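[1] Just the structure for this:
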Amino acid sequence: MPLQALLSSFGLVFLTEIGDKTMLATLCLSAQYRRPHIVLLAAMLALAFASVIAVFVGVVLAATLPIDFILYLSGALFIGMGVHALIRNSPDAEDCKQPTTFLSMVSLVLLSELGDKSQLAILALAAQSLFPLLVFAGAIAGFFLVNLVGAYSGDQLADRIPVTMVRKGTGIVFIAFGILIILGFM
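    Residues are numbered from 1 along each chain as shown. Sure, this is the predicted structure:
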């Protein structure tokens, strides 16, 4: 079970963040400043903070709500996010905003992540897991891998992977996870 918590959060975050607005923000920042290590550090600080919030809220929900309710709510949340990803027509046109300081880079990434589907997925996984710290660790590893690619590849990656295709794949994965959670397989 501990390994499942780690791998589930890693896989979900990795899959949902490819082509997401947070990765696009990292791509933009990296393309602008040509300092990928600084951009990656700023992104990871913001994502770690957002993930701590999600895990904390998930643990609080797990302590206050019945587990069956949490499981069905988590499953429904995943299915809803999956359907949303499948029916959304236009990709997010992330404007390459021009933050001027390290703190403004952190703020840009944090604001793009708050309430995002990956943060909600982390919350849902933490709420149903006995190992919320492993959910956090898996999420951070997933964020790191995606944003490492984003920071060091600049806008080249966006030219090779159509965002709409990634979004549809993410939708299918979320729906599958939601069904597996509701049926008790996760």
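[2] where does the residue nearest to the spatial centre of the chain land in three-state SS?
    By CA atoms, centre = their mean, the chain has its centre lying nearest to residue 118, at 2.8 Å. Classification of residue 118 using DSSP: H, G, I helix; E, B strand; the rest coil returns helix.
[3] so what's it closest to, chain neighbours aside?
    In space, residue 118 comes closest to residue 16 once its chain neighbours are excluded; the distance is 4.6 Å by CB to CB, 6 or more residues apart in numbering. No exception for glycine: its C-beta is placed from N, CA and C like everyone else's.
[4] just checking, that neighbour touches residue 120?
    No - counting by CB atoms under 8 Å, residue 16 does not reach residue 120; the two are 9.6 Å apart.
[5] more crowded one of those two?
    A side-by-side neighbour count of residue 16 and residue 120, using other CB atoms under 10 Å, places residue 16 first with 29 against 19.
[6] confidence score at that one?
    You'll see residue 16 listed with a pLDDT of 83.
[7] now residue 166
    pLDDT recorded at residue 166 is 60.
[8] ditto for residue 89
    At residue 89, pLDDT is 55.
[9] One more: the one 3 residues further on?
    pLDDT, residue 92: 50.
[10] I'd like the mean pLDDT over stretch 123-131, please.
    89.
[11] export it as PDB, just CAs?
    What follows is stretch 123-131, C-alpha atoms only, in PDB (Å, rounded to 0.1, in the frame of the first residue of the first chain):
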ATOM      1  CA  LEU A 123      -6.100  16.300  -2.100                       C
ATOM      2  CA  ALA A 124      -8.300  13.300  -3.100                       C
ATOM      3  CA  LEU A 125      -5.400  10.800  -2.900                       C
ATOM      4  CA  ALA A 126      -4.200  12.200   0.500                       C
ATOM      5  CA  ALA A 127      -7.800  12.000   1.800                       C
ATOM      6  CA  GLN A 128      -8.100   8.300   1.000                       C
ATOM      7  CA  SER A 129      -4.500   7.200   1.700                       C
ATOM      8  CA  LEU A 130      -3.000   6.000   5.000                       C
ATOM      9  CA  PHE A 131       0.300   7.400   3.700                       C
END
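[12] Give the buried residues for it.
    123, 124, 125, 126, 127, 128, 129, 131 (16 or more other CB atoms under 10 Å).
[13] Identify all contacting residues around it.
    Stretch 123-131 has contacts (CB atoms under 8 Å, 6 or more residues apart in numbering) with 1-2, 5-6, 8-9, 12, 54-55, 57-59, 61-62, 65, 67, 70-71, 73-74, 77-78, 132, 135-136, 181.
[14] quick one: residue 51 and residue 45, what's the gap?
    Distance, residue 51 to residue 45, using CB to CB, to the nearest Å: 11 Å.
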